[in-house]
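**Student:** how does the following fold in three dimensions:
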Amino acid sequence: MRSTRRLSSFLGSYKVWVVLAPLLMALEVAMDLMQPRLVQRIIDDGIARNDLDIVRSAGLLMIATALIGMAGGILCGVCAIQAAQGFGADLRGDLYRKVQNLSFGNLDRLETGGLITRLTNDVTQLIEMVGMLLRIMVRAPLLLVGSLVMAVITSPSLALLFLVLIPFLAVTILVVARKAFPIFSQVQKRLDAVNTVMQENLAGVRVIRVFARASHEIARFGTRNDDLMEINLRAVRTIAVVLPLMMLTINGGVVATLWFGGRQIGTGSLAIGELIAFLNYLLQTLFALMMVTMLVIRFTRAEASAERVLEVLDSVPDIAPAPAPVRAFRPRGELTFENVTLAYDADSAPVLQDVSFTVRPGDVLAILGATGSGKSSLVNLIPRFYDPTGGRILIDGIDIRTIDETVLRESIAIALQESVLFSGTIRDNIRFGRPDATEDEVIAAARMAQAHEFIAALADGYDAIVGQRGVNLSGGQKQRIAIARALIVRAPILILDDSTSAVVAADTILVLDGGRIVASGTHDELIAGSALYRDIYESQ
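**Tutor:** Numbers count the residues shown, from 1 in each chain. So this is what the prediction gives:
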């Protein structure tokens, strides 16, 4: 349970609830342990002697202890819920903040579906574990020890039955725990796979329908779904063995108690009330062990979830911050690539090789190349979404790896190849990178991006609601809003990914092929001297 222990620090803000819950549960257990003794007193001292005063007083005391125990249990549940939900909210918040700070390389490895599972299902498993910890984990040991002690006090000879029952149940618990952990780890991993397929399909539903691949994707999802069902069934089968074994043990214990206890009553060495009290303590002991078994199963699943959550929290971003980052940075906008090489993995071929160029402030640089030539990879290096594996990138002569990440990215505005919009109004989306922009600035940015005309034609204008991922807008409209969002920032460096229409007017054009610069110059120079440029340009 090393991983779950590490996460216990998230309970630090809820110490009051964490302390109160066990105390209230201890009160409930104490009241429960009094009940069999009161029953014994009613039978042996009241009914057997025909003393109604004892029956009345002991009965009233039973009601009082039951009410006190019930109040303790309810309040314990309230405290446990407060602590568990607070724990979950803090853990989920830290996970989300961690994801926001991870590099693109980390996100590529963890996958979107896996991250969603960790932020939802895995955190939920841990919340349930904390709730059980503060209730059942406290109740089970106290009830187990207390009922054992009371059983021995009631009848030391009958208590010898525990020497057979408890070892049997302990072995059952250990076997189940060892079998369950690897199964529950696989459950969460296969749930990741299902979520990944669902996320990909929902994001790419239009592509799937355009290429008539719905049946293929249904089959792919079905395979992942069947894998998840198979491992869930294995988990259920493992757990399903436990309850019958527990009930067999409990029933066996009851029969043995009645057999041996009945014989002792016959010899006069045990009273009827003592037998009933002992039987109650036996049941309390065995039910406490049953709770321990359920706890072990729950903790096993929670441990698997804790490991997955810690995998995210322990992730070290591939983009290492500078020891003493430059924060006082007001760039003019000169961008230099010096012999830059990029490979996404140590074992993979470079996607960029020995790329060198300089863009002066005020200049427009266009980068052209066939699909897969490395254009987007080059763009991703400028705001440090990835670090180059060779060479360096400078802004105003300063290596970008020495600049504070936030300061660097505030100096760069990007309209990415995929125009991602967020739920909200069109105005909110344009202001996304600069929330304090005025209405005039929003409209000016939209005009520059040639978006104002279609926005003004909408019934609600700039207050028109954008659907999730901009589904109610055309691709061109989304791209123009994304460009307006980049323009309103007024950053020294503006990157327009996939804006081919601006190529002709560029001061310099770089032609990429296979991750290398194979030609550079103005539009007229390249039309005359580069067959590759000419082919790409004419195909647009």
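
**Student:** which segments of the protein make up each domain?
**Tutor:** 2-313, 335-539 (automatic domain parsing).

**Student:** distance to residue 322 and mean neighbour count for these - can I get that in CSV?
**Tutor:** Just so you know, the C-beta spots here come from the backbone N, C-alpha and C atoms, and that holds for glycine as well. Below are the domains of the chain laid out as CSV (distance: least, CB to CB, whole Å; neighbours: other CB atoms under 10 Å):
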stretch, distance to residue 322, mean neighbour count
domain 2-313, 14, 17
domain 335-539, 5, 17
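
**Student:** save those domains as CSV, and put in mean pLDDT and distance to residue 329 too.
**Tutor:** Converted to CSV, the domains of the chain look like this (pLDDT from 0 to 100; distance: least, CB to CB, whole Å):
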stretch, mean pLDDT, distance to residue 329
domain 2-313, 84, 20
domain 335-539, 86, 5
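
**Student:** distance to residue 328 for the ones you listed - can I get that in CSV?
**Tutor:** As requested, the domains of the chain are exported to CSV (distance: least, CB to CB, whole Å):
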stretch, distance to residue 328
domain 2-313, 22
domain 335-539, 8
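
**Student:** tell me which of those domains sits nearest to residue 325.
**Tutor:** domain 335-539 (3.9 Å; CB to CB).

**Student:** now residue 94. Nearest residue, chain neighbours left out?
**Tutor:** Nearest-residue entry for residue 94: residue 313, 6.8 Å, with adjacent residues in sequence omitted and distances by CB to CB, 6 or more residues apart in numbering.

**Student:** do residue 177 as well
**Tutor:** Going by CB to CB, 6+ apart, residue 177 has residue 296 as its nearest residue, at 4.8 Å.

**Student:** for that neighbour, what is the enclosing helix or strand?
**Tutor:** Assessed by DSSP states H and E, residue 296 sits inside helix 272-313.

**Student:** where along the stretch 101-250 of the chain do the helices fall?
**Tutor:** For the stretch 101-250 of the chain, applying DSSP state H, counting those that start in this stretch gives helices covering 104-110, 112-117, 123-154, 162-203, 205-210, 214-240, 242-267.

**Student:** hmm, I was thinking of the stretch 401-540 of the chain
**Tutor:** So, for the stretch 401-540 of the chain - with DSSP H, counting those that start in this stretch - the helices run 405-410, 426-430, 439-448, 452-457, 475-487, 523-529, 531-539.

**Student:** between helix 439-448 and the fifth one, find me the angle.
**Tutor:** Just to be clear, that refers to helix 475-487. Helix 475-487 and helix 439-448 are oriented at 130 degrees to each other (axes from the mean of the first three to the mean of the last three CA atoms, to 10 degrees).

**Student:** in terms of secondary structure, what does helix 475-487 contact?
**Tutor:** Applying 3 or more CB pairs under 8 Å, 6 or more residues apart in numbering; DSSP states H and E, we find helix 475-487 packed against strand 412-415, helix 426-430, helix 439-448, helix 452-457, strand 493-496.

**Student:** how close does the residue nearest to residue 177 get to residue 139?
**Tutor:** In this structure, residue 296 and residue 139 are 15 Å apart, going by CB to CB, to the nearest Å.

**Student:** please apply the same query to residue 305.
**Tutor:** Going from residue 305 to residue 139 by CB to CB gives 23 Å.

**Student:** just residue 293 next, same as before
**Tutor:** For residue 293, the distance to residue 139 - CB to CB - is 14 Å.

**Student:** same check, this time on residue 161
**Tutor:** Taking CB to CB, one finds residue 161 at 23 Å from residue 139.

**Student:** cool, and residue 128?
**Tutor:** Plainly put, residue 128 is 16 Å away from residue 139 if you go by CB to CB.

**Student:** checking my notes, residue 363 in a helix, right?
**Tutor:** No. Under DSSP: H, G, I helix; E, B strand; the rest coil, residue 363 sits outside any helix and is assigned coil.

**Student:** from residue 516, how far off is the nearest residue to it once chain neighbours are set aside?
**Tutor:** Nearest residue to residue 363, sequence neighbours excluded (CB to CB, 6+ apart): residue 507, at 4.4 Å. Distance, residue 507 to residue 516, using CB to CB: 21 Å.

**Student:** equivalent analysis for residue 63, please.
**Tutor:** With CB to CB as the criterion, residue 63 and residue 516 are 87 Å apart.

**Student:** one more: residue 459?
**Tutor:** Taking CB to CB, one finds residue 459 at 50 Å from residue 516.

**Student:** make sure residue 169 is actually in contact with residue 247.
**Tutor:** No. At 11.5 Å, residue 169 and residue 247 do not qualify as touching, with contact defined as CB atoms under 8 Å.

**Student:** residue contacts, the residue most central in space within the chain?
**Tutor:** The residue lying closest to the centre of the chain (CA atoms, centre = their mean) is residue 119, at 1.8 Å. For residue 119, the contacting residues are 92, 95, 96, 99, by CB atoms under 8 Å, 6 or more residues apart in numbering.
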